[in-house]
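[1] Predicted structure and sequence below. I'll ask about it afterward.
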Amino acid sequence: MQLTIIIVNYNVKYFLQQCLYAVEKAIKNIQAEVIVIDNNSTDGSIAYLQPKFSWVKFIENKENRGFGKANNIALQQAKGKYTLCLNPDTIVPEDCFIKCIHFLENNESCGALGIKMIDGKGHFLPESKRAFPSPLTSFFKLVGLAKMFPKSMLFNKYALGNLDENFNHEVDVLAGAFIMTRTALMKSIQGFDEIFFMYGEDVDLSFRLQQAGYKNYYFSESSIIHFKGESTKRGSLNYVKMFYEAMSIFVTKHYKGNSAWLFATTIKIAIWLRAFLTLIKSFFTRLGLAIIDSLVIYLSIWTVKKLWIIYVRDGAGFQQDIVSIITPVYVFIFLSTAALAGMYDNLYKHVKAVAATIVAVVVVLAVYSLLPETMRFSRGVILFGGIVAGCMMIVYRWMLKQLDFIKETDEVKKMQQTIIVGANDEYANVLTLLDSANLKERVLGRVSIDDETNNTLGNINNLKNIIDTFKIREIIFCTNSISYKNIIELIQQLPKKISYKFYSSQSQTIISSDSKTNTGQILSSENLYTIAQSYQRRMKRFIDIVTASILLITFPIHLIFIKKGFNALKNALNVLIAKNTWVGYTKENKLLPPLKPAIITHDGFIVQSNYTISNDVLLKMDILYAKEYDWLQDIKFIIDNYQKLGG
């Protein structure tokens, strides 16, 4: 057998599903086995995927054992000459494995092979090739200098920014998302070091391979999509802390003396600095901008007033009390207008800053004209002060955006122009799926993959022109009729402002991820259930906590009214610690959005009841409950079944 592919899964079943469809195509002409090892996922991954992929060997861990440990468990069963450790949130082209195996066979000194990775929008992922960490390179990465100077050999040495991503290179570190190596070699060095739980395993493995006398190579002749941000939120401070703690473990293990101490100290300082920057960023995304806007307006009007007195009034001043009154009024009007215009929903939007400025100036001038003569001071100061304030807000927002303190949000996302690239039957299926999510209106039409022109916007070969002509912002690729290789090549050539999504008719699922720091988007028949929505799940948990707390605080009273009152106390405790939920399904079904075991069902039956109802009826009841879930109904169920809460 040529190849063993090991995939560690944790709560990303839809991304893994798309990954396996791509892998299935890529191993068509080689002898290969695929092992999926699940780290105790709570999203029903095994039950969902196993029936769909009978050719995959699934291993189910009863606890989350971490990335390295899970890979090592699967490695013991590997039969291939080569082993590939692959992330579940990846898509590989059809010729990827063949090219990589060919490279390994022709380079005996190669210990491990990494690959060129791009994210869901076609951006190159710099972690595809890296140097070993050092105090300085880690500090530059953590404080953002590596991002500001991506091609610098000094500031971005960790990501080897000076090496051309389009050529093969010998490098130090390969990303754990895609590492191909010889199985015998991997076993001889005992696989991943299990002291690392999630991050740092790939760095440590790369280091030990070099110590064993082998070279690590970055391979640019094929590319994969790595959605990232699926198993963890990479933009979070928790991610930063976990990643750099892993680096500390690496340093403690492989570095000695002053180097280790310096590295550890640098990491601690950098983590505190990053925490401070995160707090600043959080400040800017909430009240910070409104406060700064107020200061900018005050400063602008004060500056214009001073200049007006000097150059227009020849030194003659205004009544100070009038200026001190009119300025807060102007600030209030501006901030109110800006908030209503949504300027604080989209923190970097020139048009809204200008619009808020114009409206505020006009309103203040209108109010000004109604004031008695004794209360007026200068229309010019109001007009030019407003203009200066608007310009300053645009400039400082731009600066904050460059420093990554604020981000521009996509306001037109709900109205974005969408095209579907694929065959006619796939187009119809995608429309049906989008229609069920009330998104069908986005779609302008289909782009054909052949010479068909009837009822299409054009051919895939003219995709760039179609994007420019129709101002397209979103493309859904149908992966059954277009090769993954073709899709990956296309999204690297097309504009990066486009949002790319992937649909497989086998899965009836659309997946995407526009940012490496954000969790990916999934649209499937399953997550159309209302109960799967974040808001509804938060409210359900809130109701559980409140009602359980009330029951516990006032418990002695309920002994009079609730049958099996002490059981109700136990149930309330279990609900409070999230072991149970008050209202839930009648039967466990891993194909529905997961819920904790219920005390009562959504139809009022006690879960332990002997009342006989057919399984088909129970399933239909559960599906209806999940699809049309309303947290207010849970409150009603709890009140109606108050006396049965001890059941």
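    Good, I have the coordinates.

[2] per-residue pLDDT, the nearest residue to Asp43 once chain neighbours are set aside?
    With CB to CB, 6 or more residues apart in numbering as the measure, Asn11 is the residue that lies nearest to Asp43, at 4.8 Å, once sequence neighbours are left out. Quick note: C-beta positions are derived from backbone N, CA and C, even for glycine. Per-residue confidence (pLDDT) for Asn11: 88.

[3] try Leu205
    Leu205 carries a pLDDT score of 91 in this model.

[4] So which elements touch the helix or strand harbouring it?
    Under the assignment given by DSSP states H and E, the secondary-structure element containing Leu205 is helix 201-211. When contacts are defined as 3 or more CB pairs under 8 Å, 6 or more residues apart in numbering; DSSP states H and E, helix 201-211 packs onto helix 67-75, strand 110-118, strand 178-182, strand 215-226, helix 237-254.

[5] Dump that helix to PDB, restricted to CA.
    Extracted as PDB, the C-alpha positions of helix 201-211 are listed here (Å, rounded to 0.1, in the frame of the first residue of the first chain):
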ATOM      1  CA  GLU A 201       3.500  19.100  17.700                       C
ATOM      2  CA  ASP A 202       4.400  20.000  14.100                       C
ATOM      3  CA  VAL A 203       7.300  22.200  15.200                       C
ATOM      4  CA  ASP A 204       8.700  19.500  17.500                       C
ATOM      5  CA  LEU A 205       8.300  16.800  14.800                       C
ATOM      6  CA  SER A 206      10.100  18.900  12.200                       C
ATOM      7  CA  PHE A 207      12.900  19.500  14.700                       C
ATOM      8  CA  ARG A 208      13.400  15.800  15.500                       C
ATOM      9  CA  LEU A 209      13.300  14.900  11.800                       C
ATOM     10  CA  GLN A 210      16.200  17.300  11.300                       C
ATOM     11  CA  GLN A 211      18.000  15.900  14.300                       C
END
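
[6] For beta bridges, what are the partners of Ser223?
    Per DSSP bridges, residues listed as beta-bridge partners of Ser223: Lys116.

[7] all helices of the stretch 1-150 of the chain, in order?
    13-26, 45-49, 67-75, 96-105, 135-143, 145-148 (DSSP state H, counting those that start in this stretch).

[8] which stretch in those helices has the least confidence?
    Of all those, the segment with the smallest mean pLDDT is helix 135-143, scoring a mean of 72.

[9] Would you mind saying which of the helices of the stretch 1-150 of the chain lies nearest Tyr503?
    When the helices of the stretch 1-150 of the chain are ranked by proximity to Tyr503, the top entry is helix 13-26, at 9.1 Å, counting by CB to CB.

[10] how about low-confidence regions in the stretch 451-600 of the chain?
    Per-residue confidence of the stretch 451-600 of the chain (counting by pLDDT under 70) places the weak regions at 514-521, 524-528, 534, 589-591.

[11] how many neighbours does Lys57 have?
    Neighbours of Lys57 under the rule other CB atoms under 10 Å: 14.

[12] Now for the closest residue in space to it that isn't next to it in sequence: which residues touch it?
    Taking CB to CB, 6+ apart, and ignoring the residues beside it in sequence, Lys57 has Ile35 as its nearest neighbour in space, at 4.9 Å. Neighbour list for Ile35: Thr4, Ile5, Ile6, Ile7, Val56, Lys57, Ile59, Ala74, Gln77, Ala78 [criterion: CB atoms under 8 Å, 6 or more residues apart in numbering].
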